[in-house]
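S.K.: whatever this is, show me its structure:
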Amino acid sequence: QLQLVESGGGLVQAGGSLRLSCAASGFTLDYYVIGWFRQAPGKEREGVSCISSSGGSTNYAGSVKGRFTISRDNAKNTVYLQMNSLKPEDTAIYYCAATKYVCVLPAAPYDYWGQGTQVTVSS
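M.R.: Model (predicted):
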């Protein structure tokens, strides 16, 4: 069974940092683009960042560029999202997802999704 599991969420003060992890089970991430998405209460899901299967290409939403960094360790079958300088508006449930398509931020191409991890940033 193909499964993605997010971890690393929590409560942090504005200006703080968190590192999210996305671990795969039942399949290897080597051939997949991995994206991070988030959904705040009352808002639509938005693409945050994605990384190509090799890790050589990344993409970021403008709202997180310069603050968030996506990376992957294929040997550990895990993708990370380092989030620095967090703001209250970053509060959301964060999801990782996998696709064999290209590294894009719209959610439609992504076939496999995790259950999400809550990130709450207090002011």
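
S.K.: so what does the most centrally placed residue in the chain look like in phi/psi?
M.R.: With distances taken as C-alpha atoms, centre = their mean, residue 36 lies nearest the centre of the chain, 2.5 Å away. Phi and psi for residue 36, reported as degrees, to the nearest 10, are phi -110, psi 140.

S.K.: find the nearest non-adjacent residue to it, please.
M.R.: Using C-beta to C-beta, 6 or more residues apart in numbering and skipping the chain neighbours, the partner closest in space to residue 36 is residue 48 (4.4 Å). To be clear about C-beta, it is placed using only N, CA and C from the backbone, and glycine gets the same treatment.

S.K.: quick check: bridge partners of the residue nearest to the centre of the chain?
M.R.: Taking DSSP bridges as the rule, residue 36 bridges to residue 49, residue 96.

S.K.: what sits against it?
M.R.: Counting by C-beta atoms under 8 Å, 6 or more residues apart in numbering, residue 36 touches 20, 22, 47-50, 70, 79, 81, 94-97.

S.K.: and with 6 Å instead?
M.R.: Contacts for residue 36 (C-beta atoms under 6 Å, 6 or more residues apart in numbering) come out as 48, 49, 81, 96.

S.K.: got a PyMOL select line for the buried ones in those residues?
M.R.: To isolate in PyMOL the members of these that are buried, counting by 16 or more other C-beta atoms under 10 Å, one can use:
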select buried, resi 48+49+81+96
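
S.K.: pLDDT and distance to residue 110 added to the contacts of residue 36, as a markdown table?
M.R.: Shown next, in a markdown table, are those (pLDDT from 0 to 100; distance: C-beta to C-beta, whole Å):
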| residue | pLDDT | distance to residue 110 |
| --- | --- | --- |
| 48 | 98 | 12 |
| 49 | 98 | 13 |
| 81 | 98 | 15 |
| 96 | 98 | 9 |
